[in-house]
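A.B. asks: Starting from these lines, generate the structure:
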Amino acid sequence: MKYRVKSVLLALVATFMGAMLLNGCNTVKGFGQDMQQGGKALQEEAQK
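C.D. replies: Numbers count the residues shown, from 1 in each chain. The predicted structure is shown next:
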């Protein structure tokens, strides 16, 4: 019985960690897109 509880707990922790990692990837991707837009705006202003 103890082994089953540990297995379930480990599975829940692994699932939670996986979800957090995927969420973090989306956040970094969004930040990169924001930085790219800011760079384009600066480049357009510099060309004017």
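
A.B. asks: what packs against whatever helix or strand Gln33 lives in?
C.D. replies: For Gln33, the host element (DSSP states H and E) is helix 2-47. Packed against helix 2-47, as judged by 3 or more C-beta pairs under 8 Å, 6 or more residues apart in numbering; DSSP states H and E, are no other helices or strands. The way it works is simple: take the backbone N, C-alpha and C, and place the C-beta from them, glycine included.

A.B. asks: So what's the gap between that helix and the chain middle?
C.D. replies: Taking C-alpha atoms, centre = their mean, to the nearest Å, the mean C-alpha location of helix 2-47 is offset from the chain mean by 0 Å.

A.B. asks: Gln37: neighbouring residues, count only.
C.D. replies: When neighbours are defined as other C-beta atoms under 10 Å, Gln37 has 10 of them.

A.B. asks: typed the wrong thing, it's Lys6
C.D. replies: 10.

A.B. asks: Please report the distance of it from Ala19.
C.D. replies: Applying C-beta to C-beta, to the nearest Å, the value for Lys6 to Ala19 is 20 Å.

A.B. asks: Tell me which residue lies nearest the centroid of this structure.
C.D. replies: Gly24 (1.6 Å; C-alpha atoms, centre = their mean).

A.B. asks: What score does that residue have for pLDDT?
C.D. replies: Gly24 is assigned 74 on the pLDDT scale.

A.B. asks: What is the burial count for Asp34?
C.D. replies: The burial count for Asp34: 10, using other C-beta under 10 Å.

A.B. asks: do you know how far it is from Thr27?
C.D. replies: 11 Å.

A.B. asks: again with Leu10
C.D. replies: In terms of C-beta to C-beta, Leu10 sits 26 Å off from Thr27.

A.B. asks: cool, Gly18 as well?
C.D. replies: Distance from Gly18 to Thr27, by C-beta to C-beta: 15 Å.
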